[in-house]
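Novice: Build me a model from this:
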Amino acid sequence: MSTQYWEEELETMSREKLQELQLQRLKKTINIAANAPYYKEVFSKHGITADSIQSLDDIRKVPFTTKSDMRAHYPFGLVAGDMSNDGVRIHSSSGTTGNPTVIVHSQHDLDSWANLVARCLYAVGIRKTDVFQNSSGYGMFTGGLGFQYGAERLGCLTVPAAAGNSKRQIKFINDFKTTALHAIPSYAIRLAEVFQEEGLDPKGTTLKTLVIGAEPHTDEQRRKIEKMLGVKAYNSFGMTEMNGPGVAFECKEQNGMHFWEDCYLVEIIDPETGEPVPEGE
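Specialist: Numbers count the residues shown, from 1 in each chain. Predicted coordinates:
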């Protein structure tokens with residue numbers, strides 16, 4: 001295996017081959033989505049079939065799916081598979097402003113998701129020899145189990161510490177020789193503060209890599225975390241509607257996110273025109 005890539009062929013393929021794969025997978029996605037009650041109605045109304053998608057630009061034929069649509073068809077109106085035979089797990093958003101966003105995963109979904117998260121972790125230098133402590137909420141929140149299964153897929157020894165109880169977190173870091181940690185930025189800062197309160201120096205631990213995400217933070221906050229803990233901190237991006245973590249990630253250059261374009265077709269849309277903006281905007 002390459003020392004830089006978890007899946008070298010997919011991560012380094014030419015733009016031409018990548019777009020061929022994207023089109024193939026887009027057509028397959030349209031076929032599968034048509035089994036969901038919501039999409040069956042939408043596709044019928046707009047005359048959308050897999051055969052009507054002849055290029056990646058044809059994604060514009062498909063109307064946006066909004067948060068309101070997902071809430072209106074709660075809980076299972078957007079599920080395309082046979083839940084009784086194929087569904088193995090449900091995740092959801094918090095639902096603080098209405099019905100939560102619900103995602104039903106098949107085993108294939110979970111396996112693919114774990115592999116994408118493993119790809120993310122590998123990109124920042126985490127390897128199977130690392131001890132990965134997951135100081136994230138579990139439950140319906142995707143960040144807990146998403147990183148748990150991704151780290152296990154990579155082959156790490158995992159510590160499912162969950163969030164909170166900072167003194168115990170520090171004990172685990174010291175006793176289990178944790179080398180990689182996942183936490184939301186505000187909790188990473190709090191953990192560093194508890195180190196100081198306990199008269200301990202985090203820079204004297206085995207900790208070397210931190211993964212942060214799931215809440216907004218600035219570059220200044222990231223630098224503060226790195227200085228306090230003596231680690232490199234890498235940004236992650238995900239959302240419940242797209243598995244959770246594993247959509248995009250930094251590499252060791254820490255100079256922006258890499259979207260996994262073999263699995264996600266990403267556009268930046270002008271909200272006023274509904275059209276994609278030019279490259280770089």
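
Novice: Break down the protein into its helices, ranges please.
Specialist: 8-12, 15-33, 37-46, 67-72, 83-86, 107-123, 142-154, 166-176, 185-197, 219-229 (DSSP state H).

Novice: Please identify the most buried of those helices.
Specialist: helix 142-154 (a mean of 24; mean count of other Cβ atoms under 10 Å). From N, CA and C alone the C-beta is placed, and that goes for glycine too.

Novice: Please name whichever of the helices of the chain is nearest to P100.
Specialist: helix 67-72 (8.2 Å; Cβ to Cβ).

Novice: May I have that closest one as PDB, with CA atoms only?
Specialist: Provided in PDB are the C-alpha atoms of helix 67-72 (Å, rounded to 0.1, in the frame of the first residue of the first chain):
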ATOM      1  CA  LYS A  67     -34.300  20.500   4.500                       C
ATOM      2  CA  SER A  68     -38.000  21.300   4.300                       C
ATOM      3  CA  ASP A  69     -38.500  18.400   1.900                       C
ATOM      4  CA  MET A  70     -36.800  16.000   4.300                       C
ATOM      5  CA  ARG A  71     -38.800  17.200   7.300                       C
ATOM      6  CA  ALA A  72     -42.100  17.000   5.300                       C
END
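
Novice: And the contacts of it?
Specialist: With Cβ atoms under 8 Å, 6 or more residues apart in numbering as the test, helix 67-72 has contacts from 38, 78, 98-99, 101-102, 241.

Novice: now do 6 Å
Specialist: Under the contact criterion Cβ atoms under 6 Å, 6 or more residues apart in numbering, helix 67-72 has outside partners 98-99, 101.

Novice: Return stretch 138-152 as CSV; C-alpha atoms alone will do.
Specialist: Provided in CSV are the C-alpha atoms of stretch 138-152 (Å, rounded to 0.1, in the frame of the first residue of the first chain):
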residue,chain,number,x,y,z
TYR,A,138,-22.1,8.7,20.1
GLY,A,139,-25.8,7.8,19.8
MET,A,140,-27.7,9.3,16.9
PHE,A,141,-24.9,11.8,16.2
THR,A,142,-22.8,10.4,13.2
GLY,A,143,-19.5,11.7,14.5
GLY,A,144,-19.1,9.0,17.1
LEU,A,145,-19.7,5.8,15.3
GLY,A,146,-18.5,7.3,12.0
PHE,A,147,-15.0,7.8,13.3
GLN,A,148,-15.1,4.7,15.4
TYR,A,149,-15.7,2.4,12.5
GLY,A,150,-13.4,4.4,10.2
ALA,A,151,-10.5,4.0,12.7
GLU,A,152,-11.3,0.3,13.1
